[in-house]
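S.K.: 3D, please:
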Amino acid sequence: MSEKQISFGNKNHALDNNDNFSPDGKFLCYDTRGTVYNENLANSKSIKKIEISTGIETVLWEPEYVTGEEAAPGVAAVSWHPSKNKVIFIHGPLLDEVADRGYYGIRNRTGVEVSADGKGTITKVDMRDVSISRPTTPGAQRGGTHRHEYSRNGNRIGFTYDDILQQKQNRTIGYMELNKKAPEGFTHYFAVLLKTAEQGKSKSGEIEKAYGDSWVDSAGKMRAFIGDVRAENGIDYDTSLFVADIADDVDITSSFSGNNDEYPLPPKGIVIRRLTHNDWAGGIVRGSFDGKRIAYLAKDKSGVIQVFVIAVNGSDLSADKTKHPQQATHFSSDASSLRWHPSNDWIFSILDGNVAVTVIKPGENFGKTIQLTNNEQQRNNLVVSPDGKRLAYTVFTSAKNNSTEKLDKEYRQIFVLELEWYEIESGLKKI
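M.R.: Here you go, the predicted model:
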């Protein structure tokens, strides 16, 4: 394997475990959180891209800003569209909006698209309407959307959501799609996928918080997520894997956008399924490219976090054992940063700062793991190129002055790893 550092500037390059590769695999988009003041997204000042072959960086969006404990606008958590030359990211209030909206916060942000050609062409995606004197504008949100993710066909955008008018509810998940009934001046119609139970007042089996979500299938008909759910004893909580099904006949405009006294409701026909019922599941869950399986993190009998996979129609309570979760890894320390290979046969993860790849294809090699890197560097924010031939991730590395003299401060820099599949497959024979 060939590993190469491609960024060297005196700033952070955060991939944030999103969809950062361009559709042609030649660029990566990132934000600059943590470069000034602190790691809060409020102090992330810009959205940029870097050309992998040359290391040339281009500013895609950098509005006027103010940093500190109270900061704005805050632009971060960027992902590339799967087929178009544009990216989407979270955007807090512009400086001239702060007087009315306040500073950046998790309940004060929206999704914005910008062209990836460097011309700064902006598109407003979801409307934010926090009026308390009338019902919320249909198709608008009333807080903050975050970690926007396109479905692989580009037709839907998934996200996490925090409501500002009804803060007794914790974080939930939702989706948006292009719609002629979208609020004027915005491209997408907003809807939650789940109304969470009021914090601390849930009944057994009710979800109080939804997060760690990702699309399962290419068409955006299934969104898997992690839910904090009240346990059977009515006291404790489980953290379990769920799927929200969005059937073909679901009309997003049948959702209720809420008002000052009522939380938004999902469109009619949304079905929530619980796949696991054990004590803990976690990570950002990931659907295979064929939409048939979901990978997630869970603890083995020793309490070590491992990679598990389950069929999209599976359940650990099913009488059919083939529907049960399968433990794919048997690491001695915790796994993180799950990503599927486009072939559906492999899953990448990070173990003790190093990248590992595990066979997920059913058969005698299932669960076999090869470590792709082996040193003390602490890698994070793992992403996979669309063709599956290259990985990217970040490492905190000492900055350099004019690319030669090392400075004391470390910044999050981007590295790429060129995958040699012949070498990987040959290594399986030695296990």
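S.K.: how close does the closest residue to Ala191 other than its chain neighbours sit to Tyr161?
M.R.: Excluding the flanking residues, the one nearest Ala191 by Cβ to Cβ, 6 or more residues apart in numbering is Ser255, at 3.7 Å. Any C-beta I mention is one placed from the backbone N, CA and C, and that applies to glycine too. Per Cβ to Cβ, to the nearest Å, Ser255 is found 12 Å from Tyr161.
S.K.: what's the overlap in contacts for the two?
M.R.: Shared contacts of Ser255 and Tyr161 (Cβ atoms under 8 Å, 6 or more residues apart in numbering): Val192.
S.K.: So those two - more neighbours on which side?
M.R.: The neighbour comparison of Ser255 against Tyr161 (other Cβ atoms under 10 Å) goes to Tyr161, with 29 against 23.
S.K.: Bridged to the more buried one, which residues?
M.R.: Thr145, Thr172 (DSSP bridges).
S.K.: Surely it is in contact with Asn170?
M.R.: No - Tyr161 is beyond contact range of Asn170, at 10.4 Å (criterion: Cβ atoms under 8 Å).
S.K.: Find residues that contact each of these two.
M.R.: Taking Cβ under 8 Å, 6+ apart as the contact rule, Tyr161 and Asn170 have no neighbour in common.
S.K.: Low-confidence bits of this protein, can you list those?
M.R.: 400-407 (pLDDT under 70).
S.K.: ok, longest strand in it?
M.R.: Scanning the chain for the strand with the most residues, using DSSP state E, yields strand 405-418.
S.K.: Please name every helix or strand in contact with that strand.
M.R.: Applying 3 or more Cβ pairs under 8 Å, 6 or more residues apart in numbering; DSSP states H and E, one finds that strand 405-418 contacts strand 2-5, strand 390-401.
S.K.: between those, which one is nearest to Gly185?
M.R.: The closest of the helices and strands packed on strand 405-418 to Gly185 is strand 390-401. By Cβ to Cβ, the value is 34.9 Å.
S.K.: right, and the helix or strand after the host helix or strand of Asp238?
M.R.: When elements are assigned from DSSP states H and E, Asp238 belongs to strand 237-245. As assigned by DSSP H and E, the chain's next helix or strand after strand 237-245 is strand 271-274.
S.K.: Run me through the strand neighbours of that following strand, direction for each.
M.R.: strand 237-245 (antiparallel).
S.K.: Please list the residues outside the strand it pairs with that contact it.
M.R.: 173, 193-194, 207-208, 210, 216, 221-231, 270-282, 285, 294, 296, 310, 312.
S.K.: Counting neighbours, which of the residues you listed end up buried?
M.R.: By neighbour count, with 16 or more other Cβ atoms under 10 Å, the contacts of strand 237-245 hold 173, 193-194, 207-208, 210, 216, 221-230, 270, 272, 274-277, 281-282, 285, 294, 296, 310, 312 as buried.
S.K.: rewinding a little: please identify the most buried of the helices and strands packed on strand 405-418.
M.R.: Between those, strand 390-401 has the highest mean count of neighbours, a mean of 19, where neighbours are mean count of other Cβ atoms under 10 Å.
S.K.: So which elements touch that strand?
M.R.: So strand 390-401, by 3+ Cβ pairs under 8 Å, 6+ apart, packs with strand 379-384, strand 405-418.
S.K.: Paired strands for the first one, with orientation please.
M.R.: In this case it means strand 379-384. Assessed with DSSP bridges, strand 379-384 is paired to strand 390-401 (antiparallel).
S.K.: now the strand it pairs with against strand 405-418, angle please.
M.R.: 170 degrees (axes from the mean of the first three to the mean of the last three Cα atoms, to 10 degrees).
S.K.: Strand 390-401: how far from the chain's middle?
M.R.: Centroid separation for strand 390-401 versus its chain: 21 Å, with Cα atoms, centre = their mean, to the nearest Å.
S.K.: Give me the residues contacting that strand.
M.R.: Residues outside strand 390-401 that contact it (Cβ under 8 Å, 6+ apart) are 5, 8-10, 13-15, 20-21, 25, 28, 52, 337, 348, 350, 355, 372, 377-385, 406-419.
S.K.: again, only using 7 Å
M.R.: Outside strand 390-401, the residues that touch it by Cβ atoms under 7 Å, 6 or more residues apart in numbering are 5, 8, 10, 13-15, 20, 25, 28, 348, 355, 377-384, 406-407, 409-419.
S.K.: count of neighbours near the residue lying closest to Asp290 once chain neighbours are set aside?
M.R.: Using Cβ to Cβ, 6+ apart and skipping residues adjacent in sequence, the residue nearest Asp290 is Asn344, 5.1 Å away. By the criterion of other Cβ under 10 Å, Asn344 has 15 neighbours.
S.K.: Can you get me a residue count around the closest residue to Ser115 other than its chain neighbours?
M.R.: Leaving aside its chain neighbours, Ser115 sits nearest to Thr121 (4.0 Å; criterion: Cβ to Cβ, 6+ apart). If you count neighbours by other Cβ under 10 Å, Thr121 ends up with 13.
S.K.: List the backbone torsions phi and psi for Thr121.
M.R.: When read as degrees, to the nearest 10, the backbone of Thr121 gives phi -80, psi 120.
S.K.: Which strands or helices does the top helix by length along the chain pack on?
M.R.: Determined from DSSP state H, the single longest helix within the chain is helix 421-428. In terms of contacts (3 or more Cβ pairs under 7 Å, 6 or more residues apart in numbering; DSSP states H and E), helix 421-428 is packed against strand 369-371.
S.K.: Go through the strand it packs on and flag the buried ones.
M.R.: Going by neighbour count (16+ other Cβ under 10 Å), the buried part of strand 369-371 is Thr369, Ile370.
S.K.: gap between that strand and the chain center?
M.R.: 24 Å.
S.K.: Stretch 320-330 now?
M.R.: The chain centroid and the centroid of stretch 320-330 are separated by 24 Å, computed with Cα atoms, centre = their mean.
S.K.: Now that stretch - C-alpha only, CSV.
M.R.: Backbone C-alpha positions of stretch 320-330 (Å, rounded to 0.1, in the frame of the first residue of the first chain) are rendered in CSV as follows:
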residue,chain,number,x,y,z
ASP,A,320,-34.5,-17.2,11.2
LYS,A,321,-30.9,-17.3,12.3
THR,A,322,-29.7,-15.9,9.0
LYS,A,323,-31.5,-12.7,9.9
HIS,A,324,-29.4,-12.3,13.1
PRO,A,325,-26.5,-9.9,13.4
GLN,A,326,-23.1,-11.3,12.4
GLN,A,327,-19.9,-10.3,14.2
ALA,A,328,-17.4,-9.6,11.5
THR,A,329,-14.3,-8.6,13.4
HIS,A,330,-12.6,-10.0,16.5
